[in-house]
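> Sequence first, then the predicted structure:
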Amino acid sequence: MKEKLLEINRILVEIYDDVTHIEEYSIKKGEFKDLSITEIHTIEAVGLYGSRTMSEIASKLDITMGTLTTAIDKLIKKGYVERSRSQVDRRIVNVSLTNRGKLAYRIHEKFHMDMVKEIMNDFSIDEEEVLLSALRKLNKHLKDIYK
């Protein structure tokens, strides 16, 4: 049993590392070389449509407002996001993607979809269902632990 647990742990760590390295490589060779993975994930947290408040984004990323402010400042300078104050309550700061930010979002989303499609080419329909079921259970378990 211990060997099985060690192998599962090793595989999960390798998958995480591999996806991260593939993602980093994809960003650095693509049109958006000036973005880090953290910045791409910040763009994803802002969302493609409408705007989000700074506190919504910080909560989604599980970071402090100070850390987010620094990240948003950098993304504004790079032309990916814009900041505006709420007309209703001037204390509320909204962030939205610029056209360049939306393009980065869509290209990164396509990267993930292409990667998943490529992986799934090696699976039968039955294996896809087993994998999906196992991933749902894993995801739920991890969320239950850390919520």
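It's in.

> Next one: E82 from H108, what distance?
Distance of E82 to H108, given as C-beta to C-beta, to the nearest Å: 19 Å. (Each C-beta comes from the backbone N, C-alpha and C, glycine too.)

> Could you check which of those two has the larger neighbour count?
With neighbours defined as other C-beta atoms under 10 Å, E82 and H108 compare such that H108 has more, 21 against 16.

> Nearest spatial neighbour of the residue nearest the centre of the chain, chain-adjacent residues omitted?
The centre of the chain sits closest to H41, judged by C-alpha atoms, centre = their mean, with a distance of 4.0 Å. Counting by C-beta to C-beta, 6 or more residues apart in numbering, H41 lies nearest to L61, which is 6.9 Å off, once chain neighbours are set aside.

> and the one you found, what does it touch?
H41, T42, A45, L68 (C-beta atoms under 8 Å, 6 or more residues apart in numbering).

> May I have stretch 79-86 exported as CSV, CA atoms only?
Presented in CSV, the C-alpha positions along stretch 79-86 are these (Å, rounded to 0.1, in the frame of the first residue of the first chain):
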residue,chain,number,x,y,z
GLY,A,79,-1.4,47.1,-21.5
TYR,A,80,-3.4,44.0,-20.4
VAL,A,81,-5.8,45.4,-17.8
GLU,A,82,-7.4,48.7,-16.9
ARG,A,83,-8.6,50.0,-13.5
SER,A,84,-11.6,52.2,-12.8
ARG,A,85,-13.5,53.5,-9.8
SER,A,86,-17.1,52.6,-9.2
